[in-house]
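Undergrad: mind looking at a prediction? Sequence and model below.
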Amino acid sequence: MPEWDVPAPNPALLLAWYDRHRRQLPWRAAPGTAADPYRVWLSEIMLQQTTVKAVAPYYERFLHRWPTVSDLAAAPLEDVLKAWAGLGYYARARNLHACAQTVVNRHGGTFPEDEKALRALPGIGEYTAAAIAAIAFGHSTTPVDGNIERVIARLARVEEALPSAKPHIRALATQITPAKRAGDFAQAMMDLGATICTPKRPACALCPWSAPCAARRAGDPELFPRKTPKSEGRLRRGAAFVVRRRDGFLLVRSRPSKGLLGGMTEVPTTAWRHDFDERRARDEAPIGRASQWRRIAGVVTHTFTHFPLELSVFLMDAPADTPAPEAMRWVALHALPGEALPSLMRKVITHAMDRPEPLSARRLKR
């Protein structure tokens, strides 16, 4: 197991700093109060690959609508997806719902304390299981998120690049995790990374661990953690078809439940391909003749985890009595904010509908 080359940082110093400077977050229990496992789990799932600022309003809406895991388990998946719309990485929403149902059906509505049992739940990996076990149940275990990785990598000046350095960093973090207040210690490291040991221009002078930090002493904390450059996926392209019915409705459909943006609402599109030929796009339009479709200037761009996407947008005005094609439906324009529209589709609709109401970016933004 990797050892600290310098005196290991003292957990007591960080906990004392945390007691004075801890962030007030909607999901964080007050000092001296036991954390609710449901709230810890809900926040940790939402915070995956998303910022605290973006998550806070979603978390509060979810908690107001589904205050317990049993309430969430009983909700229709469609409602959960609608409430999640705009938060991104939609597989998390499907796993969230599946996990709630598993906790109710297999564990009587109570989250298990054991990390192994937690990892067996849908959508819960090694980090999330450790976070729940430490924060909600006080177990002496070590969750390591991006903030904690950065703190440990700088303290020990870990030269190995991520992601291969993850086991090394986790082992170092485990060595300094105290037997008591492990949950507070994990949250303290998260807060330290979010407010002091930031990716750019860290405030080393304010850090309770500035003395033992090897990167601070070397004068190069911004170089850590080292990261292996990511290779960008190949660009995919396609066309989106926005059909506006003259009585105030828009044509939409639901994506397949499995896969990218599973179960979400979208306007009809072509397949997203590397070899997309826009000259033939109108041949795949859901209704009407090719001549009825107007190409909107510009493209809508979006970046998924594994590839960037460009969509050409076509607009058509249809008569009020136009029937919806098979597997599609009409949605009132004023009801669109309540649909499970991913951010990509919000961009497409806003791009196509060049008027302030009811489809402005402000109204579509949740």
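TA: Perfect, thanks for sending it. Numbers count the residues shown, from 1 in each chain.
Undergrad: any idea where the helices of the chain begin and end?
TA: All helices of the chain, identified by DSSP state H, fall at 11-21, 37-47, 52-65, 69-74, 77-84, 91-107, 115-119, 126-135, 146-155, 166-176, 182-195, 214-218, 343-352, 361-364.
Undergrad: want to throw those helices into CSV with mean neighbour count and mean pLDDT?
TA: All C-beta atoms are positioned from the backbone trio N, CA, C, and that covers glycine. CSV is the format used below for the helices of the chain (neighbours: other CB atoms under 10 Å; pLDDT from 0 to 100):
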stretch, mean neighbour count, mean pLDDT
helix 11-21, 16, 97
helix 37-47, 22, 97
helix 52-65, 15, 96
helix 69-74, 18, 98
helix 77-84, 20, 94
helix 91-107, 19, 96
helix 115-119, 17, 96
helix 126-135, 24, 96
helix 146-155, 24, 96
helix 166-176, 18, 95
helix 182-195, 22, 96
helix 214-218, 17, 95
helix 343-352, 21, 95
helix 361-364, 14, 42
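Undergrad: closest to Pro286 out of those helices?
TA: Pro286 lies closest to helix 343-352 among those, at 14.0 Å (CB to CB).
Undergrad: C-alpha coordinates for the closest one, CSV please?
TA: Extracted as CSV, the C-alpha positions of helix 343-352 are listed here (Å, rounded to 0.1, in the frame of the first residue of the first chain):
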residue,chain,number,x,y,z
SER,A,343,-31.2,20.2,-22.7
LEU,A,344,-30.4,19.2,-26.3
MET,A,345,-34.1,19.3,-27.3
ARG,A,346,-34.6,22.5,-25.5
LYS,A,347,-31.8,24.0,-27.6
VAL,A,348,-33.4,22.6,-30.8
ILE,A,349,-36.9,23.9,-30.0
THR,A,350,-35.6,27.3,-29.0
HIS,A,351,-33.4,27.5,-32.1
ALA,A,352,-36.4,26.7,-34.3
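Undergrad: give me the helices and strands touching that helix, please.
TA: Judged by 3 or more CB pairs under 8 Å, 6 or more residues apart in numbering; DSSP states H and E, helix 343-352 is in contact with strand 236-245, strand 265-266, strand 294-303, strand 308-318, helix 361-364.
Undergrad: and the angle from it to strand 308-318?
TA: 50 degrees (axes from the mean of the first three to the mean of the last three CA atoms, to 10 degrees).
Undergrad: now the closest residue to Ile169 other than its chain neighbours: how far from Leu63?
TA: Excluding the flanking residues, the one nearest Ile169 by CB to CB, 6 or more residues apart in numbering is Ile152, at 4.8 Å. Distance, Ile152 to Leu63, using CB to CB, to the nearest Å: 31 Å.
Undergrad: and Thr265, by the same measure?
TA: Distance of Thr265 to Leu63, computed by CB to CB: 24 Å.
Undergrad: point out where the stretch 251-366 of the chain drops to low pLDDT.
TA: Applying pLDDT under 70 to the stretch 251-366 of the chain picks out residues 354-366.
Undergrad: at 50 what do you get?
TA: Applying pLDDT under 50 to the stretch 251-366 of the chain flags the ranges 355-366.
Undergrad: can I see the domain layout of this structure?
TA: 11-223, 236-364 (automatic domain parsing).
Undergrad: tabulate those (TSV), appending distance to Trp4.
TA: Converted to TSV, those look like this (distance: least, CB to CB, whole Å):
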stretch	distance to Trp4
domain 11-223	6
domain 236-364	34
